[in-house]
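[1] Sequence unavailable; structure follows:
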């Protein structure tokens, strides 16, 4: 895959970004602002729990500009979020007009907006003049005047192309965005315990609250949690008095003005346990389910109901964790974590294919300069961030985004490179969190971890690849050389022939004898091994019962993908049915943060030293979506944005499946059984790969490959298009 | 002064900061937030006009912490601006309680506050526990937990001491701060023109507005400006319709609910010209004068009424420009400019001695990392910023502030040093504004300007001096060496013996023959010249009629100070009466941005190519305050915070004067006539210098030196204390 990765960029690609009139802002600023709202909704047993890393803010004054060449006079309508001024050809206009007549001819139009509270944002609509991502923005125009009222040295002013999303009407200013809501009723009640039937997320509603006294609400992803008032992770406490409700988590006080009291902060739960004190009472409960409207273009159906359920529960897990941003899980953190998000991106490419969600999350994770720690403080999470940007380009062909984010990527790689040791490798320094995975025996985090160096090499390769796309040849050469240097060192430093894989780490130049699966998995994923090494690694590490089993779906994701890359789909199908199927057998309605197959019942609930610390709806649990789409349906881009793609379908032990994979053109549909393969696509140049054979997929037509036996009992293949 | 500057730091000084309970925040954050409000009130002919440099924002989540050792249980009261949580000994408390009982014993108390809109701020009051500048703050605690629920690598977390001002009650949260107001009436009316009697600042009030139509308001610092509706710098336009007033500058709409309509944005003016259209009308006008309450401890009175008026007009100019921050002028920019502010600081030390105002302005000017341009984009303005911090320390002995600001100083000096040429000197690079002064003939800004290198040397010396105070010996040695390197190069590069001073610049290694006064003035001020060079410079440059005259009070400030340092007070007194006295003769009620003595009447009003572009109330006009206090009353600190000081009084041609100079102890009073000198002081170790003679000023007593003639006609001096 490495060679392929680097050669992809010789394909000239076009972005598929639309240029309709839309609200615009400084790229990354709205995302950071909205992310602050998202990340600051975590609570732990009623205490507000913000992130422990630096949270940034938008530029409070932004200049938006464009150049015009009008064939006729044109009136523009202007809407802003913030105080603003307008300069036409350098001359300021009185006031803050909502309309402006611009005469025919060439003009420079500059609009400067100041807003301390929410990101400065602009919407301009005219017959031909429309605000959009082609406008330039800067946070510092450096336009000064000399004593004669002239001059302006803007030669050092940095302009960016504007950021945008889908706010395409003047009446939908970006700061007013909110997720969709829908009222849901509990499915059953058992005393004080209400069961909403499956894991969900939103705002609890108390009907007809009245009296005087306390209402205590204990939320649970399990009935055990909701009933354990001393240990459940989230809770609420209201006091009703004098026809007022006081929310003691925030001290917010509200008059009882209608029949329903809706809590101000959202929670994740399936069960709610509600107790009262005094004569406070309510008649019933319901909830405002809150969600990001997404369309699941990706789909999968097969003969095996467990696999179908795995897909469905994966989709619902993704739906719940795909919010303003891709978050980790809905109960506890509700934060944006880079390692988790990198997996959500990949699943998203096989489900919603929502580019904006990927970009927003990427901007938020990066934050603003100066960099004061790794992303989320985690070394591996910074490295995933680079890799995921390359992935995004591969799936989207969004060149504009690469141009926008590249300066931030440079800044981060400078930060990472400034922390290398004398071998040019990364060791955890003061304040760094070296994560890798939650493992069931202690993992030594000292010295050079082979896992981190493999990720590092891949991150540097991603930098080289992106440098190429944005046309920075100097960076490209530099990063290629750096990746090469790492490549030459990683095997001699860490690969142990007798153990048949990468040892875990190297402390003060001493190679350890410890083996985990992680490094070997990623070396396969990134195609860093020869065929003989791969064979060795599979046998001695990946399928070796003595090597520590992975118990998070997070790393099982990559473990399964590595096996798929080796063509072991049948093995993967069986493991998926064991592992994700195991969660389903335990009653999961969404996939979990961690699953130990030997545990049962309430043993599954604890983590982080807390009885209900584990998240039972965690994005990284949903990987069947990605694995089924990419390695069974078998669809993947081979040039940016699916301008070229391949389909390598695999039954993996199933009798039949039918699946759709979203692409920028629409979707690619594949049906497969032992007897036939049918493929149709909305665009792109496709190739069906069947072993070493390749068959071109004709554009706009359906390709069918049929297998039958002729009368001599010999298997015959018939290829047809229509 | 250089030697003295560096030796001062061997005196151990104590800060005079009080530790009463007060609102606290992340140092610099409130200042930047308040500064954004201040800097975004400029308008130009009704158009909103924000600054052209990067404006930063506060950290949206800040953790405040302190360690406690309580002899008894104690209840604390907590007020915050923002959502918050409380951790006592690492354990989070439910909700956001306004009271908390802390048991006797040792504790860690952490309060984390999130606020996107205004700076997170905290007020804690208990019997012994009080929020104050001794609390620690961080924007990123990096406190993460491992899978077992323990750990936290905070070894790389950066803590600062909290910032504060004077918000000493829970009911005065910092974000609610506003300046004081007072209603003023116009002094006279001439048709549509209202005259408030002198330059002023605030919000115009229209009494009994009614009817339907337009009200046009044209503001003027002069009657010419207010009457020139096409060219006046600031204006307003209201529409009255349906009992509503629409302010067309902002589109704000308000019901006419009482008898007086007060404009939302403040303006600077002495005259207001109000025209109406349709049958819109009003009965009369008044204004809300807006000001920062300051106490003028500094004072000066003498036998010469022109000098007294110069002092009074200087004080009023300072009062108007000393607002949330020290701003440049009240009519046009209303922005905080470093070069201007540096002079306001110096005047402030002889008038209000408001340390907080100096610190706020210094924080705002610095903004936040990353640095994307010089302060205000001006190279010289960055250099003044360093120098002014040293000055502040000399007048205040505020060691805590040096510790807080030092990382920012390092960052700025790194930025400056990264822009040096191969000689280690500063040339204007792309995007840099090389200002120096508004001069009446073109000034070449190319290559190495001698003026900038002299300021640069002084800035590096200030870095070395501050490094010493904060105990950073590595930096101190480095900056001393750098200053020495500059010192060795500046004279051979720029001093021209035949011309008798520093030439203006050096382009591509070629010394120009052009001479301005600026470099020579500053070389005298900073004591960079030998006695013979000083003599040469005075004769051939400073008093040379052929060298371009300075016409801004900005640089006349330093020109006059240089002459004072050479003991030429009589010359200075005469020039002050000519120059500042000249403005008074032209009717000035505040001092101006620029004054060309050969201009008269309305010739004085234009600047920047606009007929009323000149500011007639400009802080840098008020330098008589500084010159009279420091070089006539003659009081200056010789150790930080006036722990040691000297008095070198000089009549400079006056018959008598009496003056007070504020100090951290209170004030120093000096009366002088040809016959006697009387000095008293509220603290500090003082020395009276009379030529080469020194007399110790006894603490807590009044020193009198009397001159008389004995019967033989011989002058006799009598020294007494009581």
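    Arrived safely. Quick caveat, the model's predicted, so the values are computed rather than measured. Residues are numbered from 1 along each chain as shown, chains lettered A, B, ... in the order given.
[2] Can you name the residues that contact the residue of the stretch 301-450 of chain A found nearest chain B?
    Taking Cβ to the nearest Cβ, chain B has its nearest neighbour within the stretch 301-450 of chain A at residue A:431, 2.5 Å off. C-beta: built from backbone N, CA, C; applies to glycine. The contact partners of residue A:431, by Cβ atoms under 8 Å, 6 or more residues apart in numbering or on different chains, come to A:373, A:377, B:142, B:153, B:154, B:155, B:156, B:157.
[3] could you list every residue that touches the fourth one?
    For residue B:153, the set of contacting residues under the criterion of Cβ under 8 Å, 6+ apart consists of A:430, A:431, A:432, A:433, B:142, B:144.
[4] filter those to the buried ones?
    Buried members of the contacts of residue B:153, counted by 16 or more other Cβ atoms under 10 Å in any protein chain shown: A:431, A:432, A:433, B:142, B:144.
[5] Pick the one among these closest to residue B:691.
    residue A:431 (59.8 Å; Cβ to Cβ).
[6] Not counting sequence-adjacent ones, nearest residue to the closest one?
    residue B:156 (2.5 Å; Cβ to Cβ, 6 or more residues apart in numbering or on different chains).
[7] Count the residues that sit near that neighbour.
    14 (other Cβ atoms under 10 Å in any protein chain shown).
[8] Give me the secondary structure label for it.
    coil (DSSP: H, G, I helix; E, B strand; the rest coil).
[9] That one reaches residue A:428, doesn't it?
    No - contact criterion Cβ atoms under 8 Å: residue B:156 and residue A:428 do not qualify, at 10.8 Å.
[10] so what pLDDT did residue A:5 get?
    Residue A:5 carries a pLDDT score of 43 in this model.
[11] what about the residue of the stretch 301-450 of chain A closest to chain B, helix or strand, and which?
    Per DSSP states H and E: residue A:431 is located in neither a helix nor a strand.
[12] Which phi and psi values does it adopt?
    phi 90, psi -10 (degrees, to the nearest 10).
[13] now the strands for the stretch 301-450 of chain A?
    For the stretch 301-450 of chain A, the strands defined by DSSP state E, counting those that start in this stretch occupy A:448-449.
[14] Okay, helices next: where are they in it?
    Here the stretch 301-450 of chain A has its helices, by DSSP state H, counting those that start in this stretch, at A:305-321, A:338-349, A:355-366, A:379-396, A:399-417, A:450-470.
[15] can you pull the buried residues of the last one?
    Using 16+ other Cβ under 10 Å as the test for burial, helix A:450-470 gives A:450-470.
[16] helices or strands up against that helix?
    helix A:2-7, helix A:379-396, helix A:399-417, helix A:473-494, strand A:501-502, helix A:518-525 (3 or more Cβ pairs under 8 Å, 6 or more residues apart in numbering or on different chains; DSSP states H and E).
[17] try 6 Å
    Contact here means 3 or more Cβ pairs under 6 Å, 6 or more residues apart in numbering or on different chains; DSSP states H and E; on that basis helix A:450-470 packs against helix A:379-396, helix A:399-417, helix A:473-494, helix A:518-525.
[18] Check these for me and report the most buried one.
    Stretch with highest mean neighbour count among these: helix A:518-525 (a mean of 26; mean count of other Cβ atoms under 10 Å in any protein chain shown).
[19] Which residues outside it are in contact with it?
    A:436, A:450-451, A:454, A:501-502, A:529, A:537, A:541, A:558-559, A:562, A:565 (Cβ atoms under 6 Å, 6 or more residues apart in numbering or on different chains).
[20] Kindly report the same for stretch A:674-692.
    So stretch A:674-692 is contacted by A:642-649, A:665-671, A:694-695, A:697, A:702-707 (Cβ under 6 Å, 6+ apart).
[21] Span of that stretch from start to end?
    18 Å (Cα to Cα, to the nearest Å).
[22] tell me the phi and psi of the residue nearest to residue A:248 when sequence neighbours are not counted?
    Of all residues not flanking residue A:248 in the chain, residue A:237 sits nearest, at 4.4 Å (Cβ to Cβ, 6+ apart). Per-residue torsions, residue A:237: phi -140, psi 120 (degrees, to the nearest 10).
[23] Show the residue spans covered by the strands in the stretch 101-250 of chain A.
    A:105-114, A:121-125, A:136-138, A:160-161, A:163-164, A:180-184, A:188-190, A:193-207, A:213-220, A:235-241, A:244-247.
[24] and the residue nearest to residue A:117 when sequence neighbours are not counted, what pLDDT?
    What sits nearest to residue A:117 in space, not counting adjacent residues and going by Cβ to Cβ, 6+ apart, is residue B:117, at 4.8 Å. On pLDDT, residue B:117 comes in at 97.
[25] which parts of the stretch 201-350 of chain A sit against chain B?
    A:248, A:249, A:251 (Cβ under 6 Å from any Cβ of the partner chain).
[26] List buried residues within those.
    A:248, A:249.
[27] got the residues of the stretch 201-350 of chain A next to chain B as TSV, with pLDDT columns?
    Shown next, in TSV, are these (pLDDT from 0 to 100):
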residue	pLDDT
A:248	95
A:249	93
A:251	92
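[28] Would you convert the residues of the stretch 201-350 of chain A next to chain B into JSON lines that also reports distance to residue A:183?
    Listed next are these as JSON lines, based on distance: Cβ to Cβ, whole Å:
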{"residue": "A:248", "distance to residue A:183": "25"}
{"residue": "A:249", "distance to residue A:183": "23"}
{"residue": "A:251", "distance to residue A:183": "27"}
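[29] on that earlier part again, from residue A:379, how far out is the residue of the stretch 301-450 of chain A closest to chain B?
    The spacing between residue A:431 and residue A:379, counted by Cβ to Cβ, to the nearest Å, is 10 Å.
[30] Give the residue spans of chain A that score low on pLDDT.
    The model of chain A has pLDDT under 70 over residues A:1-19, A:146-152.
[31] give me that answer again for 80
    A:1-20, A:145-153, A:258 (pLDDT under 80).
[32] tell me the centre residue of it?
    residue A:341 (3.5 Å; Cα atoms, centre = their mean).
[33] Report the spatially nearest residue to it, omitting neighbours in sequence.
    Per Cβ to Cβ, 6+ apart, closest to residue A:341 is residue A:326, 4.5 Å.
[34] give me the beta-bridge partners of that neighbour?
    Using DSSP bridges, the bridge partners assigned to residue A:326 are residue A:322.
[35] Give the helix, strand or coil label for residue A:630.
    Residue A:630 - assigned by three-state DSSP - is helix.
[36] Residue A:137: neighbouring residues, count only.
    Using other Cβ under 10 Å: residue A:137 sits among 24 other residues.
[37] give the contact list for residue A:630.
    For residue A:630, the contact set (Cβ under 6 Å, 6+ apart) comprises residue A:636.
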